[in-house]
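> just need the structure, nothing else, for what follows:
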Amino acid sequence: MLPERLDGMAPSRSIRPGVQGEPARACRRPVREHDRPLRRHSLTAMSSRRSLAATSSLLAALLAGIVGWSWSHLLASPAVGHASLSHRLTAATFAAAIFAFVGWALAPTAPTDDGRPPRPSPLLLVVLVLTGGALTGALTASIHQDDILSSMFLGILGAGLLLLPVAGLVVTLRRAIQVRRGSVVARAEGRAALALLAAVLGCSTTLLAPDWPAILAGLAVSTPPVFALMVVSAALVVGVLLADLCALARVQHLASAGDVPEGSPGAPLARIRGDIDLGVGDAIAAHHGPGTAYRGGGRLLVRVAGDPDQAALALGRCIRRGAFLVALLEAVAFLHGAVRSLDLAADLGAERCEHGDVHACREAALLAERAGRPLPLAAGLHERACNHGEEQSCLAVSLIQRRASAP
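Reported below is the predicted structural model:
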């Protein structure tokens, strides 16, 4: 009898005698992970699709809520005067609820091996976003008893502001599912979705910019905390940009490991431990610590899965996108500073005075004087205010006439 296993040899396959009349068969071994990969893969894929759809739904609802509130505030501003401030919360609520379903329907897919294009198509995205805006306008009008057709038209115009953010969201999520989950590039794409949300929050304050001339003209009491919103959005975008820069530096640190012999004291990976998945590429590199003459090679320090060059390209794209968002927020901040001018406030006050708002006439006249406008323009505004009982404007008219008649 020979033993079933010899030193240095693989174990032999144990054979169990079969029942009488049947051939002998091999012992049934336990079921392992790779024996039934199809069922596990299908369940994992289904769970991943549901998670992606839920993420897309949540982010789309947040984007729509922000834009819906800001768009309603613009329509209620003194410069437009089409709605009231009570419409803001209603429009934001309906927009968030409707676009939660829109975001679920627009959950992206990656291109398949058989040549099918990724979903959603640009046409489907435009149709769903504009339809969501029309539904939001109709529901808001039904609550506040406004004209439904005009509200639907305004809802479509507001949804047009969502086309680029929703398209950016779809592209970001599609890139996230094309890399391995939990990897360096996947985390960068996840941060990109946060930066997009923060940038939309900051850019939506441009719809609040007409409040600044209205405040100077005495037509509005206060404006929402634009400065606080800009600071929060800028901080989030800059934080994501710094995180991407750190990730790129780490990837470049890993890429430089091939230029230094393994185990040398100055090796770049001497202070890195564990497994690192870059998310793109199929290469696997293992780096060991310095060995000894007695024990041979050193122990495993780090195992890197992926191509550092491809990961650096993906992170560079994220950094360029973050730099663009920072520049965009800087332009928005410059816009807020530019609209806080006496000239715009004087024009707004004069326009409201022309439309019969007698309380705006005196403030418009004073702003015209402060802005250095011609005296006849200020005198005309003062005269209108005087005709409606403003005694100080009557005195101002007489003073301007004396000044004009003086040699």
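
> ok, longest helix in this structure?
Longest helix of the chain, by residue count under DSSP state H: helix 37-76.

> quick one: the strands in the stretch 151-300 of the chain?
274-277, 284-288, 300-305 (DSSP state E, counting those that start in this stretch).

> the longest one - what's its average pLDDT?
Right, strand 300-305. Per-residue pLDDT values across strand 300-305 average out to 72.

> just checking, which helix or strand succeeds that strand along the chain?
Remark: after strand 300-305, the chain's next helix or strand is helix 308-339, criterion DSSP states H and E.

> then the following helix or strand past that following helix to CSV, C-alphas only?
Using DSSP H and E, the helix or strand that directly follows helix 308-339 along the chain is helix 342-354. Taking Å, rounded to 0.1, in the frame of the first residue of the first chain, the C-alpha atoms of helix 342-354 are listed here in CSV:
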residue,chain,number,x,y,z
LEU,A,342,-26.2,102.4,-7.7
ASP,A,343,-26.8,102.6,-11.4
LEU,A,344,-28.7,99.3,-11.5
ALA,A,345,-30.6,100.2,-8.4
ALA,A,346,-31.6,103.6,-9.9
ASP,A,347,-32.8,102.0,-13.1
LEU,A,348,-34.8,99.4,-11.2
GLY,A,349,-36.4,102.1,-9.0
ALA,A,350,-37.2,104.3,-12.0
GLU,A,351,-38.8,101.4,-13.8
ARG,A,352,-41.0,100.6,-10.8
CYS,A,353,-42.0,104.2,-10.6
GLU,A,354,-42.9,104.2,-14.2
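
> for helix 342-354, buried residues please.
342, 344-350, 352-353 (16 or more other C-beta atoms under 10 Å). Where you see a C-beta, it was placed from the backbone N, CA and C, and this is true even at glycine.

> equivalent analysis for stretch 168-182, please.
168-170, 172-180.

> need the residues that contact that stretch.
Residues from elsewhere that reach stretch 168-182 (C-beta atoms under 8 Å, 6 or more residues apart in numbering): 48, 52, 55-56, 59-60, 63, 103, 106-110, 118, 120, 125, 185-186, 189-190, 192-193, 196, 277, 279-280, 305-306, 314.

> stretch 191-205 now?
In contact with stretch 191-205 (C-beta under 8 Å, 6+ apart) are residues 55, 59, 62-63, 66-67, 69-70, 165, 168-169, 172-173, 175-176, 226, 229-230, 232-234, 236-237, 240-241, 243-244, 318, 321-322, 325, 328-329, 332, 336.

> show me what contacts Ala396?
365, 378-379, 382.

> just the mean pLDDT for stretch 325-334, thanks.
93.

> ok, residues contacting it?
195-196, 198-199, 202-203, 205-206, 230, 233-234, 237-238, 241.
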